[in-house]
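# Here's my sequence, what's the structure:
(one chain, ligands or ions: 2)
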Amino acid sequence: MTNSEPKRYVSPTDKRRQFRAQLASGQLIRFPGAFSPLVARAVEDHGFEGVYVSGAVLSTDLALPDIGLTTLTEVALRGQQIARVTDLPTIIDADTGFGEPANVARTINAFEEGGLAGCHLEDQVNPKRCGHLDNKQIVATDEMVRKVRAAVKARRDPSFVICARTDARTSEGLDAAIERAKAYVDAGADMLFPEALQTEEEMAAFRKAVDVPLLANMTEFGKTPLLTTTQLENLGYNLVIWPVTSWRSAMGAVDELFDTLKATGHQEPAVERMQTRKRLYELVRYSDYNEFDQALFNFEVPGRNQ
Ligand SMILES: C[C@](O)(C(=O)O)[C@H](CC(=O)O)C(=O)O
Ligand SMILES: [Mg+2]
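Ligands and ions are numbered 1, 2, ... in the order given. From the prediction side, this is the model:
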């Protein structure tokens, strides 16, 4: 991108409207998880429709378990850092909303100010846990309804999307999860995230029971079968997230690299799989900075095997 055309600016409101239009399109939209701003650039570059910011990734990146230890300030800042480097809509994991309904209201405002397009809010108790683990506990329906209402009321940009997640399938069963989901929609939720459904049949039953857009969580090593985008589209789901997938892949590569370094004393066997300097500079749009100073990008970038 070294042409002289002015860069278009996609405002947070534009991104939220784009997200709403995508949800209404009847087509499945794909939001891979981005564990950093640079990964969000890669998501955009590969032609996906949006970016997901995972609570599990934000906490494990800090070497913490995903049990609600991260603070609103940490999460909102990371969301903002990720959302601002992409023209795609970015949605974020609000966990249990960081407290009571009043805290939820503040959470929504922080995410709006961070340029996010939407968030999901779940009905677990605190301390929460990954939705695919056993022995989860959930709050009373009414308590979650009050949180959803607070979120909806707090929203300053009506296009910000509030997605209610229910974790009830694991503890109370499918029917109860559907009942809760309906109550959350009545409270104003724009879309639903039925967590940890166990079969395609359950996913189809959920689709049949509600009219709002549905999110499918394709997280690995969990309770939900890993389906393809075609299967999810056929099931009538609107949005798929692969929340931790890029993170697990990157950390798998890191572990392998350290094994190699330790065993061979050299990185050579791993270089082949590394992102090249050239590609890294492409993603940070290094050459664009010549707009400010022609002396910034005036060299050849070594790529593969150089
Ligand atoms: C989607 C999720 O909330 C997340 O934080 O990314 C997690 C993912 C995971 O732990 O695998 C969840 O499903 O609870
Ligand atoms: Mg989470």
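
# Any chance you could list what contacts the strand or helix carrying Ala151?
According to DSSP states H and E, Ala151 maps onto helix 141-154. With contacts defined as C-beta atoms under 8 Å, 6 or more residues apart in numbering, helix 141-154 is touched by 96-97, 100-102, 104-109, 121, 123, 138, 162, 164, 166, 179-180, 183-184, 186-189. (Each C-beta comes from the backbone N, C-alpha and C, glycine too.)

# Could you pull up phi and psi at Leu121?
When quoted as degrees, to the nearest 10, the phi and psi of Leu121 stand at phi -120, psi 130.

# got the contact list for the residue lying closest to it once chain neighbours are set aside?
Nearest residue to Leu121, sequence neighbours excluded (C-beta to C-beta, 6 or more residues apart in numbering): Ala94, at 4.7 Å. By C-beta under 8 Å, 6+ apart, Ala94 lies in contact with Gly55, Val75, Val104, Thr107, Ile108, Phe111, Cys119, His120, Leu121, Glu122.

# Could you measure from Ala94 over to Phe258?
34 Å (C-beta to C-beta, to the nearest Å).

# got it, and Glu100?
Counting by C-beta to C-beta - Glu100 and Phe258 are separated by 43 Å.

# Put the buried members of the contacts of helix 141-154 into a PyMOL selection.
Restricted to buried positions by 16 or more other C-beta atoms under 10 Å, the PyMOL selection for the contacts of helix 141-154 reads:
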select buried, resi 96+97+101+104+105+106+107+108+109+121+123+138+162+164+166+179+180+183+184+187+188+189
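
# Strands of the stretch 51-200 of the chain, residue ranges please.
51-53, 90-93, 118-122, 161-166, 191-194 (DSSP state E, counting those that start in this stretch).

# my bad, the stretch 201-306 of the chain
215-217, 239-242.

# could the ones you listed be laid out in a markdown table, adding distance to ligand 2?
Formatted as a markdown table, the strands of the stretch 201-306 of the chain follow (distance: least, C-beta to the ion, whole Å):
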| stretch | distance to ligand 2 |
| --- | --- |
| strand 215-217 | 9 |
| strand 239-242 | 10 |
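
# quick one: the longest helix seen in the chain near ligand 2?
Using DSSP state H to define each element, the chain has its longest helix at helix 245-264. No - Helix 245-264 is not in contact with ligand 2 by C-beta under 5 Å from the ion; minimum separation 12.2 Å.

# What average pLDDT does that helix get?
For helix 245-264, mean pLDDT is 97.

# Could you report the neighbour count for the residue of the chain found nearest ligand 2?
The nearest approach of the chain to ligand 2 comes at Gly55, 3.4 Å away (C-beta to the ion). Look at Gly55: counted by other C-beta atoms under 10 Å, it has 22 neighbours.

# can you check Thr245 too?
19.

# ok so, going back, I'd like the strands of the stretch 201-306 of the chain written out as CSV, with mean pLDDT added.
Output for those, formatted as CSV (pLDDT from 0 to 100):
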stretch, mean pLDDT
strand 215-217, 98
strand 239-242, 99
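
# measure Gln124 to Glu233 for me?
For Gln124, the distance to Glu233 - C-beta to C-beta - is 29 Å.
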